[in-house]
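**Q** After the sequence you'll find the predicted model.
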Amino acid sequence: MDVKTLTDIDLTHTDLVLLDLDNTLYHYHSCHSVALNMLCRQFADEQGVGYEQAIDLYNASRRTVHHTNLGTAASHSRFFYVQYMVESVLGRTDTELILKYYNSYWSTFIAEMELLDGALLFLQGCREKNIPVVLVTDMTAEVQFLKIRHLGIGEYLTYMVTSEEAGVEKPHPFIFELAISKVLKANMQIVNIAVIGDDTKKDNHISSVYNITNYHLTGHA
């Protein structure tokens, strides 16, 4: 079901919310664009390459990492992207330089993050209705935890499951089942589940055990 914002979702009879993070609670692409521009300009200036060459190195490194780590959280690792960039130019692994570029990217990215309109109101509504919210997200765990801290929404989340923890990425059923199992272990009764995200392919769970409603956000596409 397509909805423009989170506040368009009717939570009546909902027992559990499985919620995406990136491009659902904040606008991922604008944050990434700013952080990538900063990273590649810094890399170009310090390594004596052109800005466009730095962009090409980033994209080539990303393709390599995606191919090597397909279907896992590591495929999104900016750490590996930066490592391959540095190794391509220097011909060796410069650990200090890699750490510097990695931290520069994420500190810039996270500083740009802001909750989308309606996100906080939605989370507050879930808490008022005693509906548990489990964040189900691709990407490595530490980075996603840092995003949550910056957005200031940790208190509204019951649990969090990353693809790094699950060992698989969405839409693999296991990542969703792991999220549900955490709630069941807390002796919560679950029948009706809302699965919410921006990606119609990834944020889509089908179950013969539960009543699933899939909501796809379209307001910031």
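**A** Yep, it's here.
**Q** Check which helix or strand the nearest residue to residue 19 once chain neighbours are set aside maps to.
**A** Closest residue in space to residue 19, ignoring its immediate chain neighbours: residue 196 at 5.1 Å, by Cβ to Cβ, 6 or more residues apart in numbering. C-beta here means a position set from N, CA and C on the backbone, and glycine is covered the same way. Here residue 196 sits within strand 192-197, counting by DSSP states H and E.
**Q** try residue 123
**A** helix 119-128.
**Q** quick one, that helix and strand 192-197 angle?
**A** Interaxial angle, helix 119-128 versus strand 192-197 (axes from the mean of the first three to the mean of the last three Cα atoms, to 10 degrees): 160 degrees.
**Q** Against which helices or strands is the helix or strand that comes right after helix 119-128 packed?
**A** Sequence-wise, the next helix or strand downstream of helix 119-128 (DSSP H and E) is strand 133-137. Applying 3 or more Cβ pairs under 8 Å, 6 or more residues apart in numbering; DSSP states H and E, one finds that strand 133-137 contacts strand 16-19, helix 119-128, helix 141-151, strand 159-162, helix 173-185.
**Q** Doesn't residue 42 lie inside a strand?
**A** No. Using DSSP: H, G, I helix; E, B strand; the rest coil, the assignment for residue 42 is helix, not a strand.
**Q** heads up, I number from 866, so please use that
**A** From this message on, residue numbering opens at 866, which makes the last subject residue 907.
**Q** count of residues packed around the closest residue in space to it that isn't next to it in sequence?
**A** Nearest non-adjacent residue to residue 907, counting by Cβ to Cβ, 6+ apart: residue 969, 6.2 Å away. Burial measure for residue 969: 16 neighbouring residues, criterion other Cβ atoms under 10 Å.
**Q** quick revisit: so which of the helices and strands packed on strand 998-1002 is the most packed in?
**A** Highest mean neighbour count among the helices and strands packed on strand 998-1002 (mean count of other Cβ atoms under 10 Å): strand 881-884, with a mean of 26.
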